[in-house]
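*Asks:* structural data only, the sequence is not supplied:
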């Protein structure tokens, strides 16, 4: 647990609130999946909330995020309203991609969410490209790629980090190392268990943080964002974390990891860790934290109702938006 | 009117657009200070500097994916592949990302990216430097696909490509790069989806692209001496494809040959044929004919290479055969 950080009280409470918002939205989505309201895939972010929360707390709306198949947390932390995320998974017209994307194609450029992706890797390259635009146009903006340990042995990781390094682009490469690529352990996929130290191979800072400690993530991301905004180039941050639920809703989860391992990580739940710290440090009472939980639960329930009541898109619009204009 | 080469014409279009719009940048291997392997960016680095004309590592997937992200965020990248064969390493970025971003974002993101490179068989370039592949991109919703055949078209279509908010594949036949032709001094743009009737004739319609336009014109000149009158249509853009001009021509001639140096199966000729059968069947006086490059990787040795691609004589013979039907 990061203990010597100077992060003000309001920020710490805001971080707590965002993590609870992600958790409760994900749990609502998991219930909705069981009820048949979600038509396609649903990969939840439960257990990893500290990463999106700690990084996105530093971002402005014009800063951009390129996310993964496990992207609900990034969308919410970047400012996409829960009802737009939920409506998208319900396939409704008020979804953030107007029902064209689903969980793995969430787009909300208005708040800088430049897509989640169903293919592992391309978002790393796209984040470098956004950094290229910002540098070319002299904008003091930052681009972030989130990706899992499964992406770091893909060629896109190598090519993207190298391009960002040689052009000195304002990009954060945030690896959420949750130990498994679907069900394949990272220890199988990589002879070197360290992701953070790969930064040195590209001539960029590479940092390893406890990805379940939101204050540690916040601290590391803050330094990287400051460096990026001041033309100091990209940073690789490895956040060690853990996915609590199955790879995707509806999948079995007992064959590749033990219940004991899952239970140990639940003890290191990022919300529980920050909550304990907030009460110990006298920043919030348990009652106040419970109240945050209740408020967000009410918001989430409203969002679910909104999504249920949102209409399905008009079938006549199924081929709209393929091109910017008719030829 | 002055005459300049195909490459010089496209380069002039690029320079005009870069002068107008500071969000345009070019990346590729050796397109910076070197000016491009084919001189596509000659002189521009000195004027606009490294961020707007940036060399890349040999990492096609990487820089295509990077340019996708750049196009999503307000700049207008041009990727110069040198040889379009190299683009295949970036196929996932092209088909899964670049072609789909506008749709996935319900039109709130644009994809103003141009992907240019040389295509075509010739000069013993062998099979990693001779591909065309335009029918693959045409098959995918989201792309504009341009195959110019003259310096005039190259400039006008390249300028339109750069101004387009859609991803454009701009494919330049390498045997045409040094071809000279008339290009006006003043600025102009040519629309996508508008075929060019490059030769008027009465007895048979031939649709051809890129270098095959020139080979077909040579064949048509030969056949004129035999009393055969050939109409030659250059679609110029494969996506969108101007079928109206083709159908109008067949209404007059009743016969159609498609000459395409690329592969026949599922190719441009197959698409043109299917559309003519659907929309112009009653105008046909004979079965539709195709003359394609052989369905094979491209060989190196000059005798083998020449054997896999249509030439003036095989085109002329295909037209004679069609008229006997």
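*Replies:* Sure, I can see it. Predicted model only: the values in this text are computed from it and were never measured.

*Asks:* show me what residue of the stretch 151-300 of chain A gets nearest to chain B.
*Replies:* Chain B sits closest to residue A:159 of the stretch 151-300 of chain A, with a gap of 2.7 Å, by Cβ to the nearest Cβ. All C-beta spots, glycine's among them, are computed from the backbone N, C-alpha and C.

*Asks:* am I right that that residue is in a strand?
*Replies:* No - secondary structure assignment (DSSP: H, G, I helix; E, B strand; the rest coil) places residue A:159 in helix, not in a strand.

*Asks:* what are the phi and psi angles of the residue nearest to it when sequence neighbours are not counted?
*Replies:* If the residues on either side of it in the chain are set aside, residue A:159 comes closest to residue B:62, at 2.7 Å by Cβ to Cβ, 6 or more residues apart in numbering or on different chains. Backbone geometry at residue B:62, expressed as degrees, to the nearest 10, gives phi -60, psi -50.

*Asks:* report pLDDT for residue B:62.
*Replies:* What the model reports as pLDDT for residue B:62 is 98.

*Asks:* my read is that it contacts residue A:161, right?
*Replies:* No - the criterion here is Cβ atoms under 8 Å, and residue B:62 misses it with residue A:161 at 9.3 Å.

*Asks:* what do the two both touch?
*Replies:* Common neighbours of residue B:62 and residue A:161, counting by Cβ atoms under 8 Å, 6 or more residues apart in numbering or on different chains, are residue A:128.

*Asks:* list the residues that contact residue B:66.
*Replies:* With Cβ under 8 Å, 6+ apart, residue B:66 has these contacts: A:125-126, A:128-129, A:132, A:160, A:163, B:27.

*Asks:* correction: the previous question concerned residue B:253.
*Replies:* In this structure, residue B:253 makes contact with B:201-205, B:231, judged by Cβ under 8 Å, 6+ apart.

*Asks:* same check on residue B:47?
*Replies:* Counting by Cβ under 8 Å, 6+ apart, residue B:47 touches residue B:15.

*Asks:* on the three-state scheme, it is what?
*Replies:* Quick answer, by three-state DSSP: residue B:47 is helix.

*Asks:* sec struct for residue A:224, please.
*Replies:* helix.

*Asks:* show me where the stretch 151-300 of chain A has helices.
*Replies:* Taking DSSP state H, counting those that start in this stretch, the helices of the stretch 151-300 of chain A run over residues A:155-166, A:186-189, A:214-229, A:259-267, A:270-280, A:286-309.

*Asks:* name the helices or strands packed onto the host helix or strand of residue A:128?
*Replies:* In this structure, residue A:128 is located in helix A:122-136 according to DSSP states H and E. Packed against helix A:122-136 by the contact rule (3 or more Cβ pairs under 8 Å, 6 or more residues apart in numbering or on different chains; DSSP states H and E) you find strand A:64-66, strand A:143-148, helix A:155-166, strand A:171-177, helix B:60-72.

*Asks:* residue ranges in chain A under the pLDDT threshold?
*Replies:* Low-confidence segments of chain A (pLDDT under 70): A:1-5, A:326-327.

*Asks:* what residue is smack in the middle of it?
*Replies:* residue A:74 (3.1 Å; Cα atoms, centre = their mean).

*Asks:* chain B too?
*Replies:* Among the residues of chain B, the one closest to the centroid is residue B:147, at 1.4 Å (Cα atoms, centre = their mean).

*Asks:* quick check: residues of the stretch 51-200 of chain A near chain B?
*Replies:* A:64, A:66, A:97-98, A:100-101, A:105, A:107, A:109-110, A:114-115, A:117-119, A:122, A:124-137, A:143, A:155-156, A:158-160, A:162-163, A:166-167 (Cβ under 8 Å from any Cβ of the partner chain).

*Asks:* one more pass at 6 Å, please.
*Replies:* A:97-98, A:100-101, A:105, A:107, A:109, A:114, A:119, A:122, A:125-126, A:128-130, A:132-133, A:136, A:159, A:163 (Cβ under 6 Å from any Cβ of the partner chain).

*Asks:* now list the buried members of these.
*Replies:* A:97-98, A:100-101, A:105, A:107, A:114, A:122, A:125-126, A:128-130, A:132-133, A:136, A:159, A:163 (16 or more other Cβ atoms under 10 Å in any protein chain shown).

*Asks:* coming back round to it: just the buried residues of the contacts of residue B:253.
*Replies:* Neighbour-count burial within the contacts of residue B:253 applies to B:201, B:203-205, B:231; the criterion is 16+ other Cβ under 10 Å.

*Asks:* between those residues, which is nearest chain A?
*Replies:* So of those, ranked by how close each gets to chain A (Cβ to the nearest Cβ), first place is residue B:205, at 22.4 Å.

*Asks:* I'd say the residue nearest to the centre of chain A and residue A:148 touch.
*Replies:* No - judged on Cβ atoms under 6 Å, residue A:74 makes no contact with residue A:148 at a distance of 11.9 Å.

*Asks:* show me where the stretch 151-300 of chain B has its helices.
*Replies:* Secondary structure of the stretch 151-300 of chain B (DSSP H, counting those that start in this stretch): helices located at B:151-163, B:211-224, B:243-253, B:268-280.

*Asks:* out of the contacts of residue B:253, list just those in strands.
*Replies:* B:204-205, B:231 (DSSP state E).

*Asks:* now render these as TSV, adding distance to residue A:276 and pLDDT.
*Replies:* Formatted as TSV, those follow (distance: Cβ to Cβ, whole Å; pLDDT from 0 to 100):
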residue	distance to residue A:276	pLDDT
B:204	84	98
B:205	79	98
B:231	82	98
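
*Asks:* filter those residues by proximity to chain A?
*Replies:* Okay, of the ones in strands among the contacts of residue B:253, nothing touches chain A (Cβ under 6 Å from any Cβ).

*Asks:* let me know the closest of those residues to residue A:254.
*Replies:* Each of the ones in strands among the contacts of residue B:253 was checked against residue A:254 using Cβ to Cβ; the closest is residue B:205, at 66.1 Å.
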